[in-house]
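>>> no sequence for this one, just the structure:
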C-alpha cells in the first residue's frame, strides 16, 4: 500500500470511508466559537477545549429546527459524524443534533428570547395599554376544541350584549406559533373587537412552547387593541405573558377580567341611576310642597290680574307702531317745508359775510401766533448766551486752565495737594497737557489784595488772562 500513488480526491474519499466506519454518530462536548450562518441557513462554528479546535457544520435542514440560538461561549454537546471537506481538505464534524450543557434547550431558548425582547423594550411597563372602560367586543385566540375556550365562554355569557369573536388556532406542535400569530393579526386588523384574549390550558413546557416563540410575541406587541394573556396555570410563565398588556393566571381568569370590567360599569350605572332617581324624587317633593304653600295665597290670586295688565300693555305697544309712523310722516313734511323756505333766502349774501368774518379772525390769530413765536425765540437766544458765558469752556477760551491729578476729577486748588512723582493733567482751550511733578512746590504766602484788583474769572477782558497754575 505504501507503493500506491494517491490523488487528493482518492485519498480524501478513502479517509472519509474509514472515518464514516469508525467515527459515525459520535458525541463531542466543547465550547462554541466563531459562529456564522450562510444565506441558505447552514450553521458553521468551531468546538474547542483547552488544547484543540474542531470545525463543525450543521446543515440548514437541521439548524432551522434548533429551539435556541447558537452563540459564542455556549457549552454544548454535539452529535454527528467526522468527515473531510474535499474542496479544502479540512477535517470537520457534520452535526446532526446540538444540545446545551447544564440547561435544557427549551429553557435556554426561553432565556435568550426573553433577553432579546426585553432589550427591545417589549416588556416595558410604559408601553402597556389599559383595558377599555367598557369592553363590549371580545376576541379570543385559542384552540376551537380545547376546554379553555368553553371555560372562557361560560364566564363571558354572564354579561348580556357582549359580543365574542373566536379566531381558532392550533396551540401545540409544529407550526402552532405561526398559526397563533396569524390569528392575532387577523383578529386585530378586522376591527371587530376592542380587547383580545390569547391563551390555552395547562401543560408541560413543550406543550406551551408555541407561546414562547418570537412570532407570537411580536404579534401581541403589534396588536391594535389591548391583549390579555392567559396561558397554562398560575405557575406557568411564557414570553406571551411578558409582552401582553395584562397577564391572567389562567384562561378562565382572563375571561373574568373582561366580565368584571363590564359588570363594574353596570354597577356604576345602576348606582348613578339610583342616585338620579332619588334626586328627581326629592326635587319633585320640594316642588309640590312649594305649590301647596302658594295655593290660596294673595300673591297667587293676583296672578290673573297681572296677566291682564300685561296683555293691556301689549295691546298699547302694538298700537304704538302706527302712531310712530304718523309722527315720522309729519316730521318729514315739516323738514320739507323748512328746506323750501331756506331755498328762498339770499344765501349768497349771508355766506359772503361769514367768509369775510372768518378770514379776519384767521389773520388776527396768525398775527398773535407770530408775535408769541418771536418773543419765545428772543428769550431762548438770551438764555443760550447766558449759558455760554457760564460754560467752563468759555473760561478756558479766555486763557485759563484746569489742573487735576491723573485719575482724579477734582481740580487742584493748593500746591500742598500734590506730591513728587505724580502726573498732572492740565486742560486748556486747545487741548490737554501732561506733566510730571519733579519737586513739590512750596506754598505761596498769602497776600492781601483788594477785591477790586482781583480780575474776574468770567470777565470778557483778556488783558490779565493766562495760566494761574505753576504747572502750566
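Here it is on my side, so go on. As the structure is a prediction and not an experimental result, all values here were calculated from the model.
>>> neighbours of residue 383, how many?
10 (other Cβ atoms under 10 Å). Glycine gets a C-beta too; all of them are placed from N, C-alpha and C.
>>> would you mind measuring from it to residue 372?
17 Å (Cβ to Cβ, to the nearest Å).
>>> repeat for residue 88
Taking Cβ to Cβ, one finds residue 88 at 118 Å from residue 372.
>>> what does residue 187 give?
Counting by Cβ to Cβ - residue 187 and residue 372 are separated by 96 Å.
>>> more neighbours: those two, which one.
Neighbour totals were compared for residue 187 and residue 372, and residue 187 leads with 25 against 10 (other Cβ under 10 Å).
>>> OK, contacts around that one?
139, 141, 165, 167, 193, 196 (Cβ atoms under 8 Å, 6 or more residues apart in numbering).
>>> lowest-pLDDT helix or strand in this protein?
helix 298-301 (a mean of 63; mean pLDDT, DSSP states H and E).
>>> which helix or strand lies directly C-terminal to that one?
Downstream of helix 298-301, the first helix or strand assigned by DSSP states H and E is helix 303-344.
>>> how far off centre is that next one?
Centroid separation for helix 303-344 versus its chain: 67 Å, with Cα atoms, centre = their mean, to the nearest Å.
>>> that one - what's its average pLDDT?
Mean pLDDT, helix 303-344: 78.
>>> just checking, what packs against it?
Judged by 3 or more Cβ pairs under 8 Å, 6 or more residues apart in numbering; DSSP states H and E, helix 303-344 is in contact with no other helix or strand.
>>> heading C-terminal from it, find the next helix or strand.
helix 347-390.
>>> helix, strand, or coil at the residue nearest to residue 195 when sequence neighbours are not counted?
Excluding the flanking residues, the one nearest residue 195 by Cβ to Cβ, 6 or more residues apart in numbering is residue 135, at 4.3 Å. Under DSSP: H, G, I helix; E, B strand; the rest coil, residue 135 falls in the coil class.
>>> run a quick neighbour tally on residue 135.
Around residue 135 there are 23 residues (other Cβ under 10 Å).
>>> cool, and the one 10 residues further on?
Other residues near residue 145 come to 9 when the count uses other Cβ under 10 Å.
>>> quick one: contacts for it?
No contacts exist for residue 145 under Cβ under 8 Å, 6+ apart.
>>> and for the one 10 residues further on?
Remark: with contacts taken as Cβ under 8 Å, 6+ apart, residue 155 is in contact with 252, 255-256, 259.
>>> could you export those as CSV, including distance to residue 340, pLDDT and neighbour count?
Listed next are these as CSV, based on distance: Cβ to Cβ, whole Å; pLDDT from 0 to 100; neighbours: other Cβ atoms under 10 Å:
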residue, distance to residue 340, pLDDT, neighbour count
252, 104, 91, 18
255, 99, 91, 29
256, 99, 90, 18
259, 95, 89, 19
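>>> and the furthest pair within those?
252 and 259 (10.3 Å; Cβ to Cβ).
>>> helix, strand or coil: sort out the residue nearest to the spatial centre of the chain for me.
Residue closest to the average C-alpha location in the chain (Cα atoms, centre = their mean): residue 126, at 15.2 Å. Assigned with three-state DSSP, residue 126 falls in the helix class.
>>> try residue 407
With three-state DSSP as the criterion, residue 407 reads coil.
>>> separation between it and residue 414?
18 Å.
>>> what of residue 437?
Distance from residue 437 to residue 414, by Cβ to Cβ: 14 Å.
>>> these two: which has the busier surroundings?
residue 437 (16 against 8).
>>> so who does the more buried one touch?
418-424, 471.
>>> try 7 Å this time
Counting by Cβ atoms under 7 Å, 6 or more residues apart in numbering, residue 437 touches 418-422, 424.
>>> closest one of these to residue 20?
Distances from residue 20 to the contacts of residue 437, taken by Cβ to Cβ, are shortest for residue 421, at 112.2 Å.
>>> wasn't that closest one part of a helix?
No - if the criterion is three-state DSSP, then residue 421 is coil and not within a helix.
>>> next, the contact list for it, please.
Going by Cβ under 7 Å, 6+ apart, the list of residues near residue 421 reads residue 437.
>>> what does residue 188 give?
Counting by Cβ under 7 Å, 6+ apart, residue 188 touches 196, 223-225.
>>> which stretches of the stretch 1-150 of the chain have low pLDDT?
1-3, 7, 22, 102-106 (pLDDT under 70).
>>> apply 80 and report the result again.
1-25, 50, 67-68, 72-74, 85-89, 101-109 (pLDDT under 80).
>>> mind listing the strands for it?
26-37, 43-48, 53-58, 75-85, 90-100, 137-142 (DSSP state E, counting those that start in this stretch).
>>> out of these, indicate the one that is most buried.
Stretch with highest mean neighbour count among those: strand 137-142 (a mean of 25; mean count of other Cβ atoms under 10 Å).
>>> quick check: angle from the helix or strand where residue 254 lies to strand 137-142?
Assigned by DSSP H and E, residue 254 belongs to helix 251-294. Helix 251-294 runs at 170 degrees relative to strand 137-142, counting by axes from the mean of the first three to the mean of the last three Cα atoms, to 10 degrees.
>>> now do helix 251-294 against helix 303-344, angle only.
Using the same axes, to 10 degrees: helix 251-294 against helix 303-344 is 80 degrees.
>>> hang on, residue 180 packs against residue 216?
Yes - between residue 180 and residue 216 there is a contact under Cβ atoms under 7 Å: 5.0 Å.
>>> what separates the nearest residue in space to residue 101 that is not next to it in sequence from residue 91, distance-wise?
In this structure, residue 101 finds its nearest non-sequential neighbour in residue 75, 4.3 Å apart by Cβ to Cβ, 6+ apart. Distance, residue 75 to residue 91, using Cβ to Cβ: 22 Å.
>>> before we move on, back to that, so which of the strands of the stretch 1-150 of the chain gets nearest residue 246?
Among the strands of the stretch 1-150 of the chain, strand 137-142 comes nearest to residue 246, with 13.3 Å by Cβ to Cβ.
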